[in-house]
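S.K.: have a look; sequence and predicted model below, questions after that.
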Amino acid sequence: MTERMARAFGRSTLRLVLLLAAVSIVSFILLANSPIDPIDAYFANKTASAEQHALVAAYWGFDRPPLDRFLLWGGHILHGDFGMSFIYRAPVLEVIGEKFRLTLLLMMTAWALSGIIGFVLGVLAGMYKDSALDKAIQGFSLLCVSVPIFWLGLLFLMIFSVQLQWFPLALAAPIGKLHEEVTMADQIRHLVLPALTLSVTGISSITLQTREKLLEVMGTNYMLFAEARGESLRQRVCRHGLRNIILPAITLQFASFNELFGGAILAETVFSYPGLGGTVTLAGLRGDLSLLLGIAIFSAVFVFAGNLIANILYGVADPRLREGREAP
């Protein structure tokens, strides 16, 4: 068992190293060839002389050839130094850590909402197969996967913030309040709409898979035997069905980390939520190469971790998959 775990750990580590190398190279090439001049973006609309341009370029290393810049940046990365963000004038890791705290709160809330709502809807659809409720849930699931996040976010803003005024328009805390004065209730009110918008993206897949898994379980011999013993539909589902479908549902949730991470950027942009989404947009418009590369690497690690957890859970849910991976 120890040898198998060591081999699996070695394979995962190698994949992560190759992934980070590929992400670093591709991201650097794309950003280095971006039409946005970081020096012009640095000065924005301010008038600056050629000497000032040269000084700023030399200070941030933009006067070096791209290959030299990449090798220098890569060497610093290997020592844990992701560089400085010239937008925030702070270390890249510090900026990412501060912004990701809010993004993680948003993602985890949306992740929990999509999992709970999707699982409940999937169970109901599977219990009442081919009924009006089943068809309505399937239609709702298809609608969820078809609606763009930014459009849904704008719709929620118009209805719940502008018309009904139930929730604030933007940001993560009330304007004018100090950080120490912001209460948990304030944070929740600002979090509801972005989290609800982001959760819609994951409801469809978890609903449809849970429905299919429950239908498979309902057709097994032990479920038919339970029905013959006089157990009601609700008893059969609660006693025998849920424990067989909950692990695949959780596994699918972890596998959706990449979609959740990408959707969070759009949701944060729509709601002006001060997480990584707005930071990525600002860094892209201002040409903050170090910050963008740091976020790209961080995103790759985050998504890789989610997929790794999903693969582990797949092996737990279906031992045949684990045996297939371990076979020579």
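M.R.: All right, it came through fine. As the structure is a prediction and not an experimental result, all values here were calculated from the model.
S.K.: only C-alpha atoms for contact and neighbour calcs from this point on.
M.R.: Will do.
S.K.: list the buried residues in stretch 112-130.
M.R.: Judged by neighbour count using 16 or more other Cα atoms under 10 Å, the buried positions of stretch 112-130 are 113-127.
S.K.: then stretch 219-237?
M.R.: Under the neighbour-count criterion of 16+ other Cα under 10 Å, stretch 219-237 has Met223, Ala226, Arg236, Val237 buried.
S.K.: can you give me the end-to-end span of it?
M.R.: 12 Å (Cα to Cα, to the nearest Å).
S.K.: what does it rub up against?
M.R.: Met127, Val217, Met218, His240 (Cα atoms under 8 Å, 6 or more residues apart in numbering).
S.K.: where does Tyr273 land in three-state SS?
M.R.: Look at Tyr273: counting by DSSP: H, G, I helix; E, B strand; the rest coil, its state is coil.
S.K.: turn the contacts of stretch 219-237 into a markdown table, columns for pLDDT, secondary structure and distance to Gln253.
M.R.: What follows is the contacts of stretch 219-237, written out as a markdown table (pLDDT from 0 to 100; DSSP: H, G, I helix; E, B strand; the rest coil; distance: Cα to Cα, whole Å):
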| residue | pLDDT | secondary structure | distance to Gln253 |
| --- | --- | --- | --- |
| Met127 | 91 | helix | 21 |
| Val217 | 89 | helix | 20 |
| Met218 | 88 | helix | 23 |
| His240 | 83 | helix | 22 |
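S.K.: save those as TSV, and put in distance to Ile203 too.
M.R.: Listed next are the contacts of stretch 219-237 as TSV, based on distance: Cα to Cα, whole Å:
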residue	distance to Ile203
Met127	18
Val217	21
Met218	22
His240	24
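S.K.: nearest to Val200 among those residues?
M.R.: Nearest to Val200 among the contacts of stretch 219-237, counting by Cα to Cα, is Met127 at 22.3 Å.
S.K.: and the closest one, how close does it get to Ala173?
M.R.: Met127 is 42 Å from Ala173, by Cα to Cα.
S.K.: what do you get for Ile250?
M.R.: 31 Å.
S.K.: still on that earlier bit, and the contacts of stretch 219-237, which is closest to Ala300?
M.R.: Closest to Ala300, out of all of the contacts of stretch 219-237 and judged by Cα to Cα, is Val217, at 35.8 Å.
S.K.: show me where the stretch 51-200 of the chain has strands.
M.R.: Ranges of strands in the stretch 51-200 of the chain, per DSSP state E, counting those that start in this stretch, are 84-85, 90-91.
S.K.: adding mean pLDDT, write those out as a markdown table.
M.R.: Output for the strands of the stretch 51-200 of the chain, formatted as a markdown table (pLDDT from 0 to 100):
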| stretch | mean pLDDT |
| --- | --- |
| strand 84-85 | 90 |
| strand 90-91 | 93 |
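S.K.: for these, which one sits closest to Met158?
M.R.: strand 84-85 (35.1 Å).
S.K.: who does that closest one touch, helix- and strand-wise?
M.R.: strand 90-91, helix 92-127, helix 289-317 (3 or more Cα pairs under 8 Å, 6 or more residues apart in numbering; DSSP states H and E).
S.K.: wait, Ser256 sits on Ser204?
M.R.: No. Using Cα atoms under 8 Å, Ser256 is not in contact with Ser204; the gap is 11.4 Å.
S.K.: re the thing from before, which of the helices and strands packed on strand 84-85 sits most buried?
M.R.: helix 92-127 (a mean of 20; mean count of other Cα atoms under 10 Å).
S.K.: angle of it against helix 289-317?
M.R.: 30 degrees (axes from the mean of the first three to the mean of the last three Cα atoms, to 10 degrees).
S.K.: mind giving me the packing neighbours of helix 92-127?
M.R.: strand 84-85, helix 132-146, helix 184-218, helix 242-255, helix 257-270, helix 276-286, helix 289-317.
S.K.: and if we set it to 10 Å?
M.R.: strand 84-85, helix 132-146, helix 184-218, helix 233-236, helix 242-255, helix 257-270, helix 276-286, helix 289-317 (3 or more Cα pairs under 10 Å, 6 or more residues apart in numbering; DSSP states H and E).
S.K.: give the contact list for the spatially closest residue to Ala58 that is not a sequence neighbour.
M.R.: Nearest residue to Ala58, sequence neighbours excluded (Cα to Cα, 6 or more residues apart in numbering): Arg64, at 7.9 Å. Counting by Cα atoms under 10 Å, 6 or more residues apart in numbering, Arg64 makes contact with Ala57, Ala58, Phe70.
S.K.: what pLDDT does Gln253 get?
M.R.: Reported pLDDT at Gln253 in the predicted model: 85.
S.K.: so what's the nearest residue to it once chain neighbours are set aside up against?
M.R.: Of all residues not flanking Gln253 in the chain, Gly115 sits nearest, at 6.7 Å (Cα to Cα, 6+ apart). Gly115 makes contact with 109, 121, 199, 202-207, 249-250, 252-254 under the criterion Cα under 10 Å, 6+ apart.
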